[in-house]
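Colleague: sharing a sequence plus its predicted fold:
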Amino acid sequence: MYTRRHTVLVAAAAVGLQVFNGYTIYGPVSVADLALVTALGVTGFYQLYTRDAWLASGTRPLAIPFAGLLIWLIFAGRGWHATQFFAFVLVIALTGLTVRSVDDIQTLLWGALAGAVAASVLTLFSIFVSPEFGGRVAGSRGIGPLPELPRTVGVPIGSFGAFATYALAPVGWAAARWYRTRDRRLLVAVAVVVFMIIVHQTRATYLALAALAGVLILGLFGRQLWRAGWRNASLGLGSAIGVAAVAGASAWTLYLVNPANAIKRFLQYERAFQLLLTNPLTGIVPPLDPYFFSLPGANIPHNVILLVAVVGGVPALALLLTTFAVAASGLWTAVTDDSQQISTVGLGIAAGWAATLTNLSLAPGFTRAFWLLIALGATLLCRRGTQLKPVTSMSPAVRNSVLSRVVQTVPWSRTAAVIRADASTTRVKVENAYLQSTIRRFLLKIETGIRNSRISAYLLGEN
């Protein structure tokens, strides 16, 4: 019997396949696109057929600024990345239509974690076993004492910066849940992803991993540190100095690895602010060619927030930050909840979001994993205990819609029964044909020979 739980599992599978957006099926359509549309179709059909319509209430305050951002970028940015943002719309819609409780959110995160682990294993295989498997190969970054390993680019996505967001997005939740439950499966998954990130030797992802760890430490031990800091001023001061020293040392180390690259990034950011002040309302019509930046090899700001601001101006930047604020509000209510299950989910999503945002602050583009975390955070904004609140007008609107009536008029149960009966008949025919085939007789002879052999008798202790 097909139930709503199956639609959640289908959505989780689609979320897991988003990391393979680089594998196209036909033209620009990828495996991730097909999985996303299929999951939306299954979810929508189930709600129409059962008249059990649902849309998480937290999706509505997110949809308003996001729709404004999309419309503004279409007009001011001349359709800049409109197809990518349409995919983000599908991700948000699938999340809002699917999750009805904290358990459903965790199911989607399980799917994202499975995809991250699978892609990490493929990346490790391309690094250590077959470099050609991953596509084009670049030289190692050579950070620290790590060996000079080949660094593959493009196993699941087009660049490691994009792939890193898919890998890091569910790791915060997995780590937080492992700390609470000691589930070894989660520990193994986190270890695989982190090991892949370490050997890949990418500076931006190292910073993202540090941000993830920092949020987890603050969430899991922040209250104890806060209380100890107030009771003992020297401990609080020492903790602050220690955090500042570690952050400063990390930044300085990354600068020393490749100072020219760091300087170029700063020049990009400075030029982006200049362009934003020059064109504050409508931004600059893309593509952003070197004419605007006047920097060799730096024709775009490697910061996705600045990139949106330069293309869409201050209105686009304000709308983008509003979507962030909606998600952050939902995550804050979850992290501060007394329920350990809710706080763990909220903390895990917040840690993954901090990591992906850090990574994208050094990369020129959004990813679906990033918007998945924003959508999940927004759904936590309106809830009653572990159950999310729905949009109340959704159910009667769908129930009384023409499309729902059309779906109800089709005899789906009779059609399914005919399909099952036909499948059973076909299976019986195939089984009978196999039993009478030459292959079956050949396999029986081999089985009889093995059973009557001396080796079999020895192993069975008959001699």
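Modeller: Yep, that arrived.
Colleague: what's the host helix or strand of Ala325 packed up against?
Modeller: Per DSSP states H and E: Ala325 is located in helix 304-335. Judged by 3 or more Cβ pairs under 8 Å, 6 or more residues apart in numbering; DSSP states H and E, the packing partners of helix 304-335 are helix 59-76, helix 259-278, helix 340-360, helix 368-379. Any C-beta I mention is one placed from the backbone N, CA and C, and that applies to glycine too.
Colleague: the following helix or strand past the last one pairs with which strands?
Modeller: It refers to helix 368-379. As assigned by DSSP H and E, the chain's next helix or strand after helix 368-379 is strand 383-384. Applying DSSP bridges, strand 383-384 is found paired with strand 387-388 (antiparallel).
Colleague: contacts for the strand it pairs with, please.
Modeller: 56-58, 99-102, 379-380, 382 (Cβ atoms under 8 Å, 6 or more residues apart in numbering).
Colleague: now do the strands in the stretch 1-150 of the chain.
Modeller: Assigned by DSSP state E, counting those that start in this stretch, the strands in the stretch 1-150 of the chain fall at 24-26, 29-30, 137-138.
Colleague: show me what contacts Thr165?
Modeller: By Cβ under 8 Å, 6+ apart, the contact list for Thr165 reads 355-356, 359-360, 367, 369-370.
Colleague: only C-alpha atoms, please: export the helix or strand containing it in CSV.
Modeller: Assessed by DSSP H and E, Thr165 sits inside helix 160-168. These are the backbone C-alpha positions of helix 160-168, laid out as CSV (Å, rounded to 0.1, in the frame of the first residue of the first chain):
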residue,chain,number,x,y,z
PHE,A,160,34.8,21.3,-6.5
GLY,A,161,33.5,24.5,-5.0
ALA,A,162,30.0,23.6,-6.0
PHE,A,163,30.4,20.0,-5.0
ALA,A,164,31.7,20.9,-1.6
THR,A,165,28.4,22.5,-0.7
TYR,A,166,26.6,19.3,-1.4
ALA,A,167,29.1,17.4,0.6
LEU,A,168,29.1,19.8,3.6
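Colleague: that helix: how far from the chain's middle?
Modeller: Centre-to-centre, helix 160-168 and its host chain are 8 Å apart (Cα atoms, centre = their mean, to the nearest Å).
Colleague: residues contacting whatever helix or strand comes next after it, please?
Modeller: Sequence-wise, the next helix or strand downstream of helix 160-168 (DSSP H and E) is helix 171-181. Outside helix 171-181, the residues that touch it by Cβ under 8 Å, 6+ apart are 106, 109, 113, 116, 183, 186-187, 189-190, 193-194, 212, 215-216, 219-220, 340, 344-345, 347-355.
Colleague: closest one to Ala169 among the strands of the stretch 1-150 of the chain?
Modeller: Of all the strands of the stretch 1-150 of the chain, strand 29-30 sits nearest to Ala169, with 18.0 Å by Cβ to Cβ.
Colleague: listing partners with orientation, what would you give for that closest one?
Modeller: Checking strand 29-30 against DSSP bridges gives partners strand 24-26 (antiparallel).
Colleague: got a list of contacts for the strand it pairs with?
Modeller: 30-31, 33-34.
Colleague: among those, which ones are buried?
Modeller: Applying 16 or more other Cβ atoms under 10 Å to the contacts of strand 24-26, the neighbour count classes 30-31, 33 as buried.
Colleague: want to throw those residues into a markdown table with distance to Pro396 and pLDDT?
Modeller: A markdown table is the format used below for the buried ones among the contacts of strand 24-26 (distance: Cβ to Cβ, whole Å; pLDDT from 0 to 100):
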| residue | distance to Pro396 | pLDDT |
| --- | --- | --- |
| Ser30 | 37 | 83 |
| Val31 | 37 | 86 |
| Asp33 | 32 | 89 |
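Colleague: with distance to Glu270 added, can I get those in CSV?
Modeller: Listed next are these as CSV, based on distance: Cβ to Cβ, whole Å:
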residue, distance to Glu270
Ser30, 36
Val31, 40
Asp33, 37
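Colleague: which one among those gets closest to Thr323?
Modeller: For those, the nearest to Thr323 is Asp33 (22.4 Å; Cβ to Cβ).
Colleague: how about that closest one: what's its closest non-neighbour residue?
Modeller: Ala87 (7.1 Å; Cβ to Cβ, 6 or more residues apart in numbering).
Colleague: what residues are up against that neighbour?
Modeller: Counting by Cβ under 8 Å, 6+ apart, the residues that Ala87 touches are 33, 36, 368.
Colleague: tell me which of the helices and strands packed on helix 304-335 lies nearest to Thr323.
Modeller: For these, the distance to Thr323 is smallest for helix 59-76, at 4.9 Å, taking Cβ to Cβ.
Colleague: may I have that closest one as CSV, with CA atoms only?
Modeller: Coordinates of each C-alpha in helix 59-76 appear next as CSV, following Å, rounded to 0.1, in the frame of the first residue of the first chain:
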residue,chain,number,x,y,z
THR,A,59,7.6,28.2,3.1
ARG,A,60,5.3,31.2,2.6
PRO,A,61,7.5,33.9,4.3
LEU,A,62,10.4,32.5,2.4
ALA,A,63,8.6,32.4,-1.0
ILE,A,64,7.8,36.2,-0.9
PRO,A,65,11.4,37.6,-0.9
PHE,A,66,12.6,34.7,-3.0
ALA,A,67,10.0,35.4,-5.7
GLY,A,68,10.9,39.1,-5.5
LEU,A,69,14.6,38.3,-6.0
LEU,A,70,13.9,36.1,-9.0
ILE,A,71,11.6,38.7,-10.7
TRP,A,72,14.1,41.4,-10.0
LEU,A,73,17.0,39.4,-11.4
ILE,A,74,15.0,38.6,-14.5
PHE,A,75,14.3,42.3,-15.3
ALA,A,76,17.3,44.1,-13.8
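Colleague: give the buried residues for that helix.
Modeller: Neighbour-count burial for helix 59-76, counted by 16+ other Cβ under 10 Å, picks out 59-63, 65-66, 68-70, 72-73, 76.
Colleague: helix, strand or coil: sort out the nearest residue to Ser343 once chain neighbours are set aside for me.
Modeller: Once flanking residues are discounted, Ser343 sits nearest to Asp337: 5.1 Å by Cβ to Cβ, 6+ apart. At Asp337 the chain is in coil, as set by DSSP: H, G, I helix; E, B strand; the rest coil.
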